[in-house]
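Visitor: curious how this folds, go ahead:
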Amino acid sequence: MFSGCQSSRKIETAQIIENVTISERNGQTLYTFYILSSADTPLKTEIPAGSFEQACELAQNQYIPNISLSKLELLMIEEHLIDRVLKTDIEYISTQPSFSPSAFVALCDSKTIDKFSESTREQDLIEEQLILLKKNNPDVSINYLSVFNHFESEKTNEFRVGTLSFDGELKISGKKVIKS
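Guide: Numbers count the residues shown, from 1 in each chain. The predicted model follows:
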């Protein structure tokens, strides 16, 4: 029999968020946090919220207590939500020192988000395609820091971001964003 301290020790580990998608279901904006994992099917937590800031707070307080967004690689936004969330969510991310400034940002359709949630392989493919898009189209902004800088710049009224669509195969292009 062992004697000594009776208290249990608990090692808390961070739940590292690798990707976030923003979609709309039943009239609600839904933030889906994809947790870094070695599984073939992505581990995800869906959080209905009005903004990325609110989704992060809810995640921390109710869903993913040890959340870490320091390895965030990709933020995908359903294209029809662009006016509602793009600027405010990018502004919030830019105020967070723990987020990587090279995290990708892309607009997409709902089929792409559905495909994205099926396999981690799709997630890697999307990131590769965004890098190729930037290489072939230097005027397209693919990371949140460049998108933030465009919103803050007074030089232009518009800029382009990467747009993904899935109709049997992944297609990628640039979409013009007009600042309001």
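
Visitor: who are the packing partners of the longest helix belonging to the chain?
Guide: Counting residues, the longest helix found in the chain (DSSP state H) is helix 120-136. In terms of contact count using 3 or more CB pairs under 8 Å, 6 or more residues apart in numbering; DSSP states H and E, helix 120-136 is assigned the packing partners strand 74-78, strand 104-108, helix 110-116, strand 158-166, strand 170-178. Heads up, the C-betas are built off the backbone N, CA and C, glycines and all.

Visitor: any chance of a markdown table for the ones you listed, columns mean pLDDT and mean neighbour count?
Guide: Shown next, in a markdown table, are the helices and strands packed on helix 120-136 (pLDDT from 0 to 100; neighbours: other CB atoms under 10 Å):
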| stretch | mean pLDDT | mean neighbour count |
| --- | --- | --- |
| strand 74-78 | 94 | 23 |
| strand 104-108 | 93 | 24 |
| helix 110-116 | 87 | 19 |
| strand 158-166 | 89 | 20 |
| strand 170-178 | 85 | 15 |
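
Visitor: tabulate those (a markdown table), appending distance to Ser37.
Guide: Written out in a markdown table, the entries for those read as follows (distance: least, CB to CB, whole Å):
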| stretch | distance to Ser37 |
| --- | --- |
| strand 74-78 | 15 |
| strand 104-108 | 19 |
| helix 110-116 | 15 |
| strand 158-166 | 22 |
| strand 170-178 | 22 |
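
Visitor: how big is the angle separating the longest helix of the chain from strand 170-178?
Guide: With axes from the mean of the first three to the mean of the last three CA atoms, to 10 degrees applied, the angle from helix 120-136 to strand 170-178 works out at 50 degrees.

Visitor: pull out the buried residues from helix 120-136.
Guide: In terms of neighbour count (16 or more other CB atoms under 10 Å), helix 120-136 has its buried residues at Thr120, Glu122, Gln123, Ile126, Glu127, Gln129, Leu130, Leu133, Lys134.
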